[in-house]
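> The sequence and its predicted three-dimensional model are supplied below.
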Amino acid sequence: MSNPSVLIVGAGPTGLFHALTLLRNGVSVRIIEKQDAFQVGTRGCGIQPRTIEMYKLLGLLPDLLEVKTDPFPVVKFPSPQGSNEEGQVIPMVEKVANTPSRPINTGYMLMQERQEHLLRTRLDRDYGLTVELSTELRSFEEHDDHVIAHIIKRIPNTDQATEETLRVDFLVGADGGRSTIRKQLGLAFAGDDSESLKEIGMIVGDIETLEGTLDQKIWRMWGDTTSNMLSLRPCAIPGRSHHNFFIGGVDVDLEKVVSSRDEVVATIRAITGRDDLKFGKVLNMGIWRPNIRMASSFGKGRVFIAGDAAHVHSPTGGQGMNSGVQDAINLGWKLALVSKKLSPLSLLDSYTAERVPVIATMLSKTTELFHRTFQPASPQQMAEGWRRGYELRMFGVNYRRSGITLDEKYSYTEDETVDPYRSGDDATVRAGDRAPDAPHLARVGQTQTTHTTLLDIFDPAYHTLLVFAEPNQHKEAIENIFAGVRGLSKLKDVLKTVVVLPQGSPLTNDASSLFPADTVVLLDTEGYAYKHYDVATDSQRPTVFIVRPDGFIGGLVYGVEGIKKYLGLIFDL
């Protein structure tokens, strides 16, 4: 086996998404996992809308749609529940109508076991890559141009193991909160050590529910943490009936409950007051206590960390797995360009610079939700604690102040505040923001009219130049843009140019002959693209949005000089 460019340690969603991003960019990968078997159970099951767009970006959305479920209604019952007492619906996640700019506005639910299986299946099917189980990174040494990794591969249920020394260009740790890579890098993992947090805990696991006991249509809760509390959430797996549970509260002896399956069942029945509930085996369980920490840096040199290896936090708000996915893709496209020697090694510094402010803000938000939910001052505060704000859908996550963005339309004063988690949702469209979608775009030059959307155009292996222009009005400026792009021949395999004509443009099929053959020319038939990108149809000059491989706007410029200036921030020109 030839040495890969990147070794990924850890095969949870973060590691798997990172592998898919690199492979989509043509970068060779190995991914190892020290566990002897793949994880079974629910764990992170909420997939936020922005993460769903990452699925679409990587061509995985059809797979996700086959197995996802919509968010369950959350119903809270009194504890114990009297025979005639009905529950009260808690408005946890408001269903928001889809829009042309945001075609997926409400998240999905998918237990982590099934999500990881989906991702592993695509790795195997599309790239012939399998996760290497029972394989552990013991240590590594970093050099100027490579990393040496020392790996132990065990034979399960035996004392036998083989050692391997592997040379790679880069090492990425997606190896969880106890990350070997983070520890060996010496990265501080700072966080909240307060005694109030240590006193809080709950038992989390998955349990079989026997047929006829509980349906799979609602998420049920009883009680609160001031005494005892129980949650039973359907896992929604075809052919299987089981629920994820968490049990906690000041009156619950966690060590006693977690000691056996019978103690779990007895506690569930005591909290609910229902003896009719029947359960099978406990699939997994353990005591969870809040551990809110993050590293100040997400890498050094040629070694990086992502996901739980870089930040751990409360599950309230459903941000953890989703943040790990964004780590993976942010780092992935940058590693790909450096691996291909198209970008300098210094580009990788932007991974920490961009992700740390986002994660710090996310930790603050999820910790606030955690205290409101599990340390409520009143029942009303607890009810509010379960309400999930729109910002948790992650459309507002942005890199506006990043050193690798260029914005010729907007500027910032030195003391102007940019919220890295919400400013991208302030009704403007700026460099560093999520690139909006736009539907009903007609492909010009096709023998039959076909339509597409911008989210279908974007690609994790390309920077996409969206040139908003009318050839009759901007002929000379457009010619200069294309002449400048032609001069960047080394980027021809990582740069895609798309011209967006305004609604009602007099140019139809003839427009494609005005541009190089590999240019995509789109007619904005209903005006959504110009509207969503805030471009005036009578603008006196072309407006260019340069969309990065991760679906964020890297540059907002007005001509060839701006394009070259932005590309100079990314590529080794």
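Perfect, I can see it now. The structure presented is a predicted model; accordingly, all values stated were derived computationally and were not measured. Numbers count the residues shown, from 1 in each chain.

> What backbone torsions are found at residue 272?
When read as degrees, to the nearest 10, the backbone of residue 272 gives phi -80, psi -30.

> Quick check: it touching residue 80?
Yes: if you go by C-beta atoms under 8 Å, residue 272 and residue 80 touch, sitting 6.2 Å apart. C-beta coordinates here come from the backbone N, C-alpha and C atoms, glycine included.

> which residues do those two both contact?
Listed as contacting both residue 272 and residue 80 by C-beta atoms under 8 Å, 6 or more residues apart in numbering are residue 222.

> mind checking the backbone torsions on residue 500?
Here is the backbone geometry of residue 500 (degrees, to the nearest 10): phi -110, psi 110.

> My guess is it contacts residue 465. True?
No: in this structure residue 500 lies outside contact range of residue 465 using C-beta under 8 Å: 10.4 Å.

> Comparing these two, which residue is more hemmed in?
residue 500 (26 against 23; other C-beta atoms under 10 Å).

> re the thing from before, higher neighbour count, residue 272 and residue 80?
More crowded of residue 272 and residue 80, by other C-beta under 10 Å: residue 272, with 20 against 15.

> roughly how far apart are the more buried one and residue 259?
20 Å (C-beta to C-beta, to the nearest Å).

> Residue 444 now?
For residue 444 relative to residue 259 (C-beta to C-beta), the value is 68 Å.

> If you count surrounding residues, which of these two has more?
Per other C-beta under 10 Å, whichever of residue 444 and residue 259 has more neighbours is residue 444, with 23 against 11.

> for the record, mean pLDDT for the lengthiest helix in the chain?
Taking DSSP state H as the criterion, the chain has its longest helix at helix 349-374. Across helix 349-374, pLDDT averages out at 87.

> buried ones in that helix?
Under the neighbour-count criterion of 16 or more other C-beta atoms under 10 Å, helix 349-374 has 350-359, 361-363, 365-367, 369-374 buried.

> Span of stretch 76-86 from start to end?
Terminal residues of stretch 76-86 are spaced 9 Å apart (C-alpha to C-alpha, to the nearest Å).

> Please apply the same query to stretch 550-564.
20 Å.

> and if you look at stretch 403-413?
By C-alpha to C-alpha, the extent of stretch 403-413 from end to end equals 15 Å.

> In three-state terms, label residue 332 for me.
With DSSP: H, G, I helix; E, B strand; the rest coil as the basis, residue 332 sits in helix.

> I'd say it and residue 548 touch.
No: using C-beta under 8 Å, residue 332 is not in contact with residue 548; the gap is 11.4 Å.

> Between those two, tell me which one has more neighbours.
The residue with more neighbours, out of residue 332 and residue 548, is residue 332; 29 against 25, by other C-beta under 10 Å.

> How far off centre is the helix or strand residue 19 falls within?
Remark: residue 19 resides in helix 13-24, with elements defined by DSSP states H and E. In terms of C-alpha atoms, centre = their mean, to the nearest Å, the centre of helix 13-24 is found 11 Å from the chain centre.

> packing partners for the helix or strand following that helix?
Sequence-wise, the next helix or strand downstream of helix 13-24 (DSSP H and E) is strand 29-32. Judged by 3 or more C-beta pairs under 8 Å, 6 or more residues apart in numbering; DSSP states H and E, the packing partners of strand 29-32 are strand 6-9, helix 13-24, strand 135-142.

> All the strands of the stretch 1-150 of the chain, residue numbers only.
Assigned by DSSP state E, counting those that start in this stretch, the strands in the stretch 1-150 of the chain fall at 6-9, 29-32, 46-47, 74-77, 88-90, 108-109, 135-142, 147-154.

> who does the following helix or strand past the last one pair up with?
Scanning forward in sequence from strand 147-154 by DSSP H and E, the next helix or strand is strand 161-168. Sheet pairing for strand 161-168, assigned by DSSP bridges, gives strand 147-154 (antiparallel).

> mind checking how far the partner strand is from the chain centre?
Remark: strand 147-154 is offset 28 Å from the chain centroid, using C-alpha atoms, centre = their mean.

> Equivalent analysis for stretch 335-342, please.
Per C-alpha atoms, centre = their mean, the centroid offset for stretch 335-342 relative to its chain is 22 Å.

> next one: stretch 299-312
15 Å.

> can you give me the end-to-end distance of it?
16 Å.

> Next: stretch 392-411.
Counting by C-alpha to C-alpha, you get 26 Å between the two ends of stretch 392-411.

> Next, the contact list for the most centrally placed residue in the chain, please.
Geometric centre of the chain, nearest residue: residue 325, 3.1 Å, by C-alpha atoms, centre = their mean. Residue 325 is in contact with 13, 14, 17, 51, 54, counting by C-beta under 8 Å, 6+ apart.

> thinking again about what came up before, packing partners for the longest helix of the chain?
Partner elements for helix 349-374 (3+ C-beta pairs under 8 Å, 6+ apart): strand 292-295, strand 311-312, helix 320-339, helix 379-385.

> can those go into CSV with extra columns for distance to residue 437?
Putting the helices and strands packed on helix 349-374 into CSV (distance: least, C-beta to C-beta, whole Å) gives the following:
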stretch, distance to residue 437
strand 292-295, 31
strand 311-312, 28
helix 320-339, 17
helix 379-385, 32
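
> Can I get those in TSV including mean pLDDT and distance to residue 427?
Converted to TSV, the helices and strands packed on helix 349-374 look like this (pLDDT from 0 to 100; distance: least, C-beta to C-beta, whole Å):
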stretch	mean pLDDT	distance to residue 427
strand 292-295	91	30
strand 311-312	93	29
helix 320-339	96	22
helix 379-385	60	26
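
> for the ones you listed, which one sits closest to residue 277?
helix 379-385 (23.7 Å; C-beta to C-beta).

> what's downstream of that closest one, the next helix or strand?
Heading C-terminal from helix 379-385 (DSSP H and E), you reach strand 406-407.

> Need the per-residue pLDDT for the closest residue to residue 407 other than its chain neighbours.
Leaving aside its sequence neighbours, residue 407 sits nearest to residue 431 (C-beta to C-beta, 6 or more residues apart in numbering; 3.7 Å). At residue 431, the pLDDT value in this model is 98.

> Shouldn't residue 431 be within a helix?
No: according to three-state DSSP, residue 431 belongs to no helix; its state is coil.

> contacting residues around it?
Applying C-beta under 8 Å, 6+ apart, we find residue 431 in contact with 400, 405, 406, 407, 410, 553, 554, 555, 556.

> and the first one, what does it touch?
Residues counted as contacts of residue 400 (C-beta under 8 Å, 6+ apart) are 407, 412, 418, 420, 423, 424, 430, 431, 432, 433.

> give me that answer again for 6 Å
418, 430, 432 (C-beta atoms under 6 Å, 6 or more residues apart in numbering).

> Which among the residues you listed count as buried?
418, 430, 432.

> How is this protein divided into domains?
6-68+107-191+292-392, 201-288, 406-570 (automatic domain parsing).

> before we move on, the earlier item: which of the strands of the stretch 1-150 of the chain has the lowest mean pLDDT?
Looking at the strands of the stretch 1-150 of the chain, the bottom one is strand 88-90 with a mean of 83.

> Mind listing the strands that one pairs with, and their directions?
Strand 88-90 has its sheet partners listed here by DSSP bridges as strand 74-77 (antiparallel).

> thinking residue 463 is in contact with residue 496, fair?
No: in this structure, residue 463 is not within contact of residue 496 by C-beta atoms under 6 Å, at 7.2 Å.

> more neighbours, the two?
Between residue 463 and residue 496, residue 463 has the larger neighbour count (other C-beta under 10 Å), namely 24 against 19.

> now for whichever strand in the chain runs longest, which elements pack on it?
As assigned by DSSP state E, the longest strand anywhere in the chain is strand 279-288. On a contact count with 3 or more C-beta pairs under 6 Å, 6 or more residues apart in numbering; DSSP states H and E, strand 279-288 meets strand 202-209, helix 261-272.

> how far off helix 349-374 does the shortest one point, in degrees?
Taking axes from the mean of the first three to the mean of the last three C-alpha atoms, to 10 degrees, strand 202-209 and helix 349-374 form an angle of 80 degrees between their directions.
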